[in-house]
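> would you be able to build a 3D model of this:
(4 chains)
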Protein chains: 2
Amino acid sequence: MSKKYRSDAMTAIHETMEALHKVGAIDKQTMRRFDDACLTPVQPLSAKQIKALREREHVSQTVFANYLNVTPNLVSKWERGEKRPSGPALKLLSLVDKRGIAAVA
Amino acid sequence: MSKKYRSDAMTAIHETMEALHKVGAIDKQTMRRFDDACLTPVQPLSAKQIKALREREHVSQTVFANYLNVTPNLVSKWERGEKRPSGPALKLLSLVDKRGIAAVA
DNA sequence: CATTCTATAGGACCCGGTACTATGTTCCAA
DNA sequence: TTGGAACATAGTACCGGGTCCTATAGAATG
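Prediction:
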């Protein structure tokens, strides 16, 4: 127990898979496909969906922005459709959508 | 119980705070300060820290990129110091740092 | 051997995100 | 009632983060 891990099940699974891979029971290809299979899908969100999402969490635009580490102005633009979140921002919004805002606190 | 909530403690606390706010026991200012106090701080990460973070999770650049919903090329640039993550990307990396990669799966 | 996965590299490019300022409204305290 | 925050929206200007493309080389696979 020299190393310290903070994630629970996922880490254990990954370590097991990695061990199996080292032994040769699993190739890298299936290893990668395994990783991808674990991911929550990220679908684009409309302006209305973002606004509804924020209101569902009962937070203001400013507080919402603080959670996502962006500016309140950007949240305003998302909700008005002036800008569309993409990449990391979309991933964060998906996390909030699927798991609630506490998941990104 | 018409509404359905997926986050646990945080939601309960927020609802309680919101109720107190509606009654008038708490003003918006303290409400916002409460929200901010719940957030995990986001500090900038160096190229080496990002690389170490990814290797700690035992995943390749490609898989790591999939988790963060960015391109593998960008992860490469982060680790070489060509680009520096900011805003939402930095928040995601902080989440991985504090809670493990399973937190953003 | 051939082939795939991996990491790195560089260039071009778009638009996401930031900073700044300004307006009107709602809310709170004096 | 008045003044002052906090809130939401708005507009502009701008930087650089992130994407897409292609290419190389090493390591792992079969």
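> so where's chain A uncertain?
Low-confidence segments of chain A (pLDDT under 70): A:1-11, A:13, A:22-24, A:28-29.
> hmm, 50 instead?
Low-confidence segments of chain A, defined by pLDDT under 50: A:1-6.
> show me what from it comes close to DNA strand D.
A:21, A:24, A:27-28, A:60-63, A:72-73, A:76, A:79-80, A:86-88 (C-beta under 7 Å from any atom of the strand). (Glycine included, C-beta is placed from N, CA and C.)
> buried ones among those residues?
A:60-61, A:63, A:79, A:87-88 (16 or more other C-beta atoms under 10 Å in any protein chain shown).
> tabulate those residues (a markdown table), appending distance to B:Leu39 and secondary structure.
Shown next, in a markdown table, are those (distance: C-beta to C-beta, whole Å; DSSP: H, G, I helix; E, B strand; the rest coil):
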| residue | distance to B:Leu39 | secondary structure |
| --- | --- | --- |
| A:Ser60 | 14 | coil |
| A:Gln61 | 15 | helix |
| A:Val63 | 9 | helix |
| A:Glu79 | 21 | helix |
| A:Gly87 | 21 | coil |
| A:Pro88 | 17 | helix |
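> and the gap between A:Ala52 and DNA strand C?
Distance of A:Ala52 to DNA strand C, given as C-beta to the nearest atom of the strand, to the nearest Å: 18 Å.
> quick revisit: so which of the buried ones among the residues of chain A next to DNA strand D also contact DNA strand C?
When those are filtered against DNA strand C using C-beta under 7 Å from any atom of the strand, the residues retained are A:87-88.
> would you point out which residue of chain A is nearest DNA strand C?
A:Ala89 (3.0 Å; C-beta to the nearest atom of the strand).
> host element of that residue?
Per DSSP states H and E: A:Ala89 is located in helix A:88-99.
> and that helix, what's buried?
Neighbour-count burial for helix A:88-99 flags A:88-97 (criterion: 16+ other C-beta under 10 Å).
> now A:Pro41, what's its secondary structure?
What DSSP: H, G, I helix; E, B strand; the rest coil gives for A:Pro41 is coil.
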